[in-house]
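Undergrad: Predicted model and sequence follow; I will ask about them next.
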Amino acid sequence: MVTEISAQFVKELRTMTGAGMMDCKKALQETDGNIDKAIEHLRQKGLASASKKSGRRTAEGLIESYIHAGSKIGVMVELNCETDFVARRIEFQELAKNIAMQIAACPQVEYIDIKSIPLSIIDQEKAIESAKDDICNKPADVQVQIIKGRVEKRLNELSLMNQSFIRNTDITIEDLINEKISLMGENIKISRFVRFLLGEGIERNEQNFSEEVANMIKS
């Protein structure tokens, strides 16, 4: 006998998970109206929306590192989830490795997402684009649209979440993470990352060969 589920109960589950109405109704019927079990049922089927998990606390996870061939580029990234159980899953560990490799492959990326980019950087990009010669003779409204488009493109270049995934360019890093959220049923977030370039920030000795020989003779 199929358990009768009220529309209000279905709506409540939909609000909590973001899953479709029929999926929520079916989940409640299969769990005899137990909302906690219904949520778990939807998670297992990957039907709970990633957006509904975005505010949940992520205190577990791992720190992943990647050293590129030649050992001249290195990356460390902290990827967080809700439980240690998910942190130990091979899918989560593979996600962390892929993100670390993505960061190494995208030298222009400096921030996790667009909302992390400081306003001062955005204003700086606007000023740079406004001063370019190729738009100075265009109508003001056209200039505004061109500047807006160019700044948006630049912000996308700076944002890790907006990058096309190097192993599947049909999706972004944000899409990839949302896929794993649906698969594993937990909120997943990139907390921070750092990229190391060999010799970065160190003043190099640019002395040419002739100067080197001359110094050797003098000594």
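TA: That came through fine. Numbers count the residues shown, from 1 in each chain.
Undergrad: so how far is stretch 116-123 off the chain centroid?
TA: Averaging C-alpha coordinates over stretch 116-123 and over its chain gives two centres that are 18 Å apart (CA atoms, centre = their mean, to the nearest Å).
Undergrad: Ok, stretch 111-120 next?
TA: Once both centres are worked out by CA atoms, centre = their mean, stretch 111-120 turns out to sit 12 Å from its chain's centre.
Undergrad: same thing with stretch 138-153?
TA: The offset between the C-alpha centroid of stretch 138-153 and the centroid of the whole chain comes to 27 Å, using CA atoms, centre = their mean.
Undergrad: isn't Asn98 right up against Ile171?
TA: No: under the contact definition of CB atoms under 8 Å, Asn98 does not touch Ile171, with a separation of 11.5 Å. For every residue, glycine as well, the C-beta is placed using N, CA and C.
Undergrad: Pull up the overlap in contacts between the two.
TA: Listed as contacting both Asn98 and Ile171 by CB atoms under 8 Å, 6 or more residues apart in numbering are Phe165.
Undergrad: With neighbour numbers in mind, choose between those two.
TA: A side-by-side neighbour count of Asn98 and Ile171, using other CB atoms under 10 Å, places Asn98 first with 19 against 14.
Undergrad: List phi and psi for that one.
TA: phi -60, psi -40 (degrees, to the nearest 10).
Undergrad: distance of the residue lying closest to it once chain neighbours are set aside from Ala69?
TA: Spatial nearest neighbour of Asn98, chain neighbours left out: Arg167 (6.6 Å); criterion: CB to CB, 6 or more residues apart in numbering. Taking CB to CB, to the nearest Å as the measure, Arg167 and Ala69 are separated by 17 Å.
Undergrad: Same question for Ser191.
TA: Applying CB to CB, one obtains 27 Å for the distance of Ser191 from Ala69.
Undergrad: and the two? which has more neighbours close in?
TA: Here Ser191 and Ala69 are set side by side on neighbour count (other CB under 10 Å), and the busier one is Ser191, at 12 against 6.
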